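A.B. asks: Below are the sequence and a predicted model for it; my questions follow.
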Amino acid sequence: MRHFDTMATICSCSMSAFSVKKTKPRKYVSRSPLKLPADELYHELGPKYGLIDVKVADRKIAFDIESGDWNTANAEALGGISSNTAQKVRKQVEVLQEENNMLKLKVEVLLNLVAESIAEISST
């Protein structure tokens, strides 16, 4: 019985040693390039940080720091075609697809007229 009491005392003491302590919240550190010191800014972004360009999918776009906007007008696709040219080609493809659909509809109407004419001629 005495052995059991000492084991209970040891267990109760060791449980409190493993209790989780509450940690302090971490201090927020801003990584904004506008708030970096000059030496860190040079280290992080290099000597010329005015031009930032990114390759996304098949396009290369640039960030204009003055306006704070991504510039896709002068961006080139990696295939060598500018985004404006690609947009014009897409528009032209859309127009041609609509024209193709209209021509298919006209052919279907003409085939129906021919079928009706043949049916009338054969019935007389």
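C.D. replies: Yep, that arrived.

A.B. asks: Just the C-alphas of stretch 56-70, formatted as PDB.
C.D. replies: Extracted C-alpha coordinates of stretch 56-70, given in PDB (Å, rounded to 0.1, in the frame of the first residue of the first chain):
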ATOM      1  CA  VAL A  56       2.900  33.700 -65.700                       C
ATOM      2  CA  ALA A  57       1.800  30.800 -67.900                       C
ATOM      3  CA  ASP A  58       3.000  31.800 -71.400                       C
ATOM      4  CA  ARG A  59       3.200  35.600 -70.700                       C
ATOM      5  CA  LYS A  60       5.800  37.900 -69.300                       C
ATOM      6  CA  ILE A  61       4.300  40.800 -67.400                       C
ATOM      7  CA  ALA A  62       6.000  43.800 -65.800                       C
ATOM      8  CA  PHE A  63       5.100  45.800 -62.600                       C
ATOM      9  CA  ASP A  64       5.200  49.600 -62.900                       C
ATOM     10  CA  ILE A  65       6.200  51.000 -59.600                       C
ATOM     11  CA  GLU A  66       5.100  54.500 -60.300                       C
ATOM     12  CA  SER A  67       1.500  53.600 -61.100                       C
ATOM     13  CA  GLY A  68       1.500  50.500 -58.800                       C
ATOM     14  CA  ASP A  69      -0.100  48.400 -61.500                       C
ATOM     15  CA  TRP A  70       0.800  45.400 -63.600                       C
END
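
A.B. asks: what's the pLDDT at V93?
C.D. replies: The predicted local confidence for V93 comes out at a pLDDT of 96.

A.B. asks: any idea how far it is from Q87?
C.D. replies: For V93, the distance to Q87 equals 11 Å [CB to CB, to the nearest Å]. The C-beta positions use only the backbone N, C-alpha and C, and glycine is treated the same way.

A.B. asks: what does E108 give?
C.D. replies: According to CB to CB, E108 and Q87 sit 32 Å apart.

A.B. asks: low pLDDT regions in the protein?
C.D. replies: Along the chain, segments meeting pLDDT under 70 span 1-17, 30-31, 33-34, 36, 41, 45-50, 73-83.

A.B. asks: any chance you could map the helices in it?
C.D. replies: Along the chain, the segments classed as helices by DSSP state H run 2-17, 38-45, 83-123.
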